[in-house]
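K.L.:
Here you go, sequence then predicted model.
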Amino acid sequence: MAVYTHVDPDDLAALVSRYDIGTVLSCKGIAEGVENSNFLLETTGGRFILTLYEKRVQVGDLPFFVDLLDHLAGRDCPIPAMVHDRDGVAIQEIAGRAACVIQFLSGISPSHPTPGQCEAVGAALGAMHRAAAGFPGGRENSMGHRHWRAVADATGDLDAVISGLQDIVETELAFLDANWPEGLPAHVIHADLFPDNVLMLGETVTGLIDFYFAASDFRAYDLAVTHASWTFSDDGSRCDADRAHALMRGYAREIALTEAEIAALPLLARGASLRFLLTRAHDWVHTPADALVTRKDPAPFLNRLRRYQAGDAASLFTAP
Ligand SMILES: Nc1ncnc2c1ncn2[C@@H]1O[C@H](COP(=O)(O)OP(=O)(O)OP(=O)(O)O)[C@@H](O)[C@H]1O
Ligand SMILES: N[C@@H](CCO)C(=O)O
């Protein structure tokens with residue numbers, strides 16, 4: 001459930017009147033998502049998403065996100081542009097929140113992606129990377145590898161989340177600190193391209209959404225995040241080689257990875273697994289059990305970490 005803030009109809013009509021999108025027909029809260037309040041806004045001019053930014057998105061970062069989405073949407077990527085009002089303004093205020101009207105894209109997020117869908121998302125990620133490489137903006141990756149120890153420390157007792165987790169995390173952090181690569185191709189990446197952030201119709205990608213973790217980092221790390229989130233069984237214990245190879249094949253259609261990137265992928269995927277293991281563990285401890293938001297289970301990302309630690313993990317990153 002992700003409607004935290006009520007929008008008054010008069011305030012909404014006033015907001016919409018600033019745009020060339022007609023007048024309001026309806027505005028319904030969207031249940032999916034946990035971070036922001038999202039509404040499906042229908043006007044006489046079409047369908048839009050109205051997003052009210054709640055606590056996680058820093059208002060100061062919004063101009064970066066607006067510029068990034070405008071850049072990518074203008075380069076033939078299936079990415080929703082922010083709608084600008086008649087004065088060219090995209091970031092508005094309503095109900096005491098910063099808010100944006102965003103282009104609506106059709107499609108549904110796959111819950112159990114097929115190899116064909118993995119191949120399509122790999123290609124869409126690669127095409128997005130080609131477009132992002134020319135984006136002049138940048139943003140520190142506040143969820144990047146330099147910040148994982150702080151997330152672990154802020155979580156508190158990791159053993160209370162999963163027995164033995166403290167030692168596992170300490171060992172992995174030390175390993176990743178000692179071996180994290182340098183100098184790989186980098187630009188602004190999505191950094192959270194889970195299936196719930198992709199809209200599809202059949203095996204066609206119709207939307208890449210939720211760029212609010214987008215930041216400057218290795219493009220191969222973005223591919224590792226996508227690999228970790230698209231190619232495993234729900235409990236994270238099994239990586240489906242067909243899906244993994246299909247994802248890599250799709251990406252390779254758009255981007256020729258360097259040898260250094262290919263060699264680094266298993267390690268980057270260990271990092272990606274640790275990132276989501278830690279943020280989920282943090283939220284597990286710090287989200288009250290009766291909160292509106294459903295807490296996400298960290299354990300499937302510990303299982304993924306174990307899979308990527310195995311000696312044959314490189315075989316999951318080939319594109320046969
Ligand atoms: N541009 C769009 N076009 C169509 N539907 C969208 C669009 N943006 C968001 N949605 C719908 O709204 C839902 C929530 O959006 P989103 O994932 O951005 O939520 P959130 O709360 O910001 O993020 P999170 O996934 O981190 O909880 C999506 O699952 C999708 O159904
Ligand atoms: N996609 C993340 C949430 C956003 O960081 C997860 O499933 O843990």
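P.N.:
Structure's in. What do you need? Ligands and ions are numbered 1, 2, ... in the order given.

K.L.:
interface residues of the stretch 151-300 of the chain facing ligand 2?
P.N.:
Counting by C-beta under 6 Å from any ligand atom, the residues of the stretch 151-300 of the chain lying close to ligand 2 are 192, 194, 276, 279-280, 296. Every residue, glycine included, has its C-beta placed from N, CA and C.

K.L.:
May I see the residues you listed organised as JSON lines, with neighbour count, pLDDT and secondary structure added?
P.N.:
Shown next, in JSON lines, are these (neighbours: other C-beta atoms under 10 Å; pLDDT from 0 to 100; DSSP: H, G, I helix; E, B strand; the rest coil):
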{"residue": "Asp192", "neighbour count": "22", "pLDDT": "98", "secondary structure": "coil"}
{"residue": "Phe194", "neighbour count": "15", "pLDDT": "98", "secondary structure": "coil"}
{"residue": "Phe276", "neighbour count": "23", "pLDDT": "98", "secondary structure": "helix"}
{"residue": "Thr279", "neighbour count": "20", "pLDDT": "96", "secondary structure": "helix"}
{"residue": "Arg280", "neighbour count": "20", "pLDDT": "96", "secondary structure": "helix"}
{"residue": "Lys296", "neighbour count": "15", "pLDDT": "92", "secondary structure": "coil"}
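
K.L.:
Quick check: of those residues, which lies closest to Arg75?
P.N.:
For those, the closest approach to Arg75 (C-beta to C-beta) belongs to Asp192, at 20.4 Å.

K.L.:
The closest one: what's it in contact with?
P.N.:
Counting by C-beta atoms under 8 Å, 6 or more residues apart in numbering, Asp192 touches 210, 212-213, 225.

K.L.:
so what secondary structure elements neighbour the one helix or strand Ala269 maps to?
P.N.:
Secondary structure assigned from DSSP states H and E places Ala269 in helix 259-286. Taking 3 or more C-beta pairs under 8 Å, 6 or more residues apart in numbering; DSSP states H and E as the contact definition, the neighbouring helices and strands of helix 259-286 are helix 148-155, helix 165-179, strand 215-218, helix 219-230, helix 299-309.

K.L.:
at 6 Å instead, please
P.N.:
For helix 259-286, the elements it packs on are helix 148-155, helix 165-179, helix 219-230, helix 299-309, judged by 3 or more C-beta pairs under 6 Å, 6 or more residues apart in numbering; DSSP states H and E.

K.L.:
Does Cys100 have any beta-bridge partners, and if so which?
P.N.:
On the basis of DSSP bridges, Cys100 takes part in beta bridges with Thr51.

K.L.:
ok, it - contacts?
P.N.:
Contact analysis of Cys100 by C-beta atoms under 6 Å, 6 or more residues apart in numbering lists 51, 82, 90.

K.L.:
what's the distance between it and Tyr19?
P.N.:
Between Cys100 and Tyr19 the distance is 11 Å, computed by C-beta to C-beta, to the nearest Å.

K.L.:
Could you do Leu277 as well?
P.N.:
Applying C-beta to C-beta, one obtains 42 Å for the distance of Leu277 from Tyr19.

K.L.:
Can you name the residue of the stretch 151-300 of the chain nearest to ligand 1?
P.N.:
Distance from ligand 1 to each residue of the stretch 151-300 of the chain (C-beta to the nearest ligand atom) is smallest for Asp210, at 3.6 Å.

K.L.:
my read: that residue touches Pro195, true?
P.N.:
No - taking contact to mean C-beta atoms under 6 Å, the distance of 11.4 Å between Asp210 and Pro195 leaves them out of contact.

K.L.:
Point out the most buried one among the helices and strands packed on helix 259-286.
P.N.:
Per-residue neighbour counts averaged over each of the helices and strands packed on helix 259-286 give the maximum for helix 219-230, namely a mean of 26 (mean count of other C-beta atoms under 10 Å).
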